[in-house]
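Novice: only the shape, not the letters, is given here:
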């Protein structure tokens, strides 16, 4: 993790603005045994948990599909000119958000 010279101002869901003070790389270990590495991840000390950027997942060909009580993460595999979608994890969010594992590198 590398400290930012100038904090990055982030607007969160409730409209408050908070500062990201560092940037680094996070490795997510998925339930199918594969891993996704997200780069340029921002560290925000005021946030107790982890917020995952859907845009950052999309950069890795991972799509998040949300419904009332769950989130399914899908990874796109290219095979013979076709896109094949494989579900990576189904997690009951129960108001806690999606947990993708805790393997951080």
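Specialist: Here it is on my side, so go on. As the structure is a computational prediction, the values presented were derived from the model and not from experiment.
Novice: and the most centrally placed residue in the chain, how far is that from residue 28?
Specialist: Centroid-nearest residue in the chain, with Cα atoms, centre = their mean: residue 52, separated by 2.9 Å. For residue 52, the distance to residue 28 equals 8 Å [Cβ to Cβ, to the nearest Å]. To be clear about C-beta, it is placed using only N, CA and C from the backbone, and glycine gets the same treatment.
Novice: can you name the residues in contact with stretch 8-17?
Specialist: Outside of stretch 8-17, the residues within contact range by Cβ atoms under 8 Å, 6 or more residues apart in numbering are 18-20, 42, 44, 47, 51.
Novice: tell me the one of the residues you listed nearest residue 79?
Specialist: Residue 79 lies nearest to residue 51 out of those, by Cβ to Cβ, at 32.1 Å.
Novice: SS state for the closest one?
Specialist: Put simply, residue 51 is coil when judged by DSSP: H, G, I helix; E, B strand; the rest coil.
Novice: same check, this time on residue 83
Specialist: Assignment for residue 83 (three-state DSSP): strand.
Novice: what count of nearby residues applies to it?
Specialist: Look at residue 83: counted by other Cβ atoms under 10 Å, it has 9 neighbours.
Novice: show me what it is bridged to.
Specialist: With DSSP bridges as the criterion, the beta-bridge partners of residue 83 are residue 78.
Novice: you'd agree it is up against residue 76?
Specialist: Yes - judged on Cβ atoms under 8 Å, residue 83 makes contact with residue 76 at a distance of 5.3 Å.
Novice: quick revisit: now the residue nearest to the centre of the chain: how far from residue 83?
Specialist: As judged by Cβ to Cβ, residue 52 and residue 83 stand 22 Å apart.
Novice: now do residue 51
Specialist: Taken as Cβ to Cβ, the span from residue 51 to residue 83 is 27 Å.
Novice: next: residue 56.
Specialist: Distance of residue 56 to residue 83, computed by Cβ to Cβ: 20 Å.
Novice: shouldn't residue 18 be within a strand?
Specialist: Yes - assigned with three-state DSSP, residue 18 falls within a strand.
Novice: alright, I will stop here.
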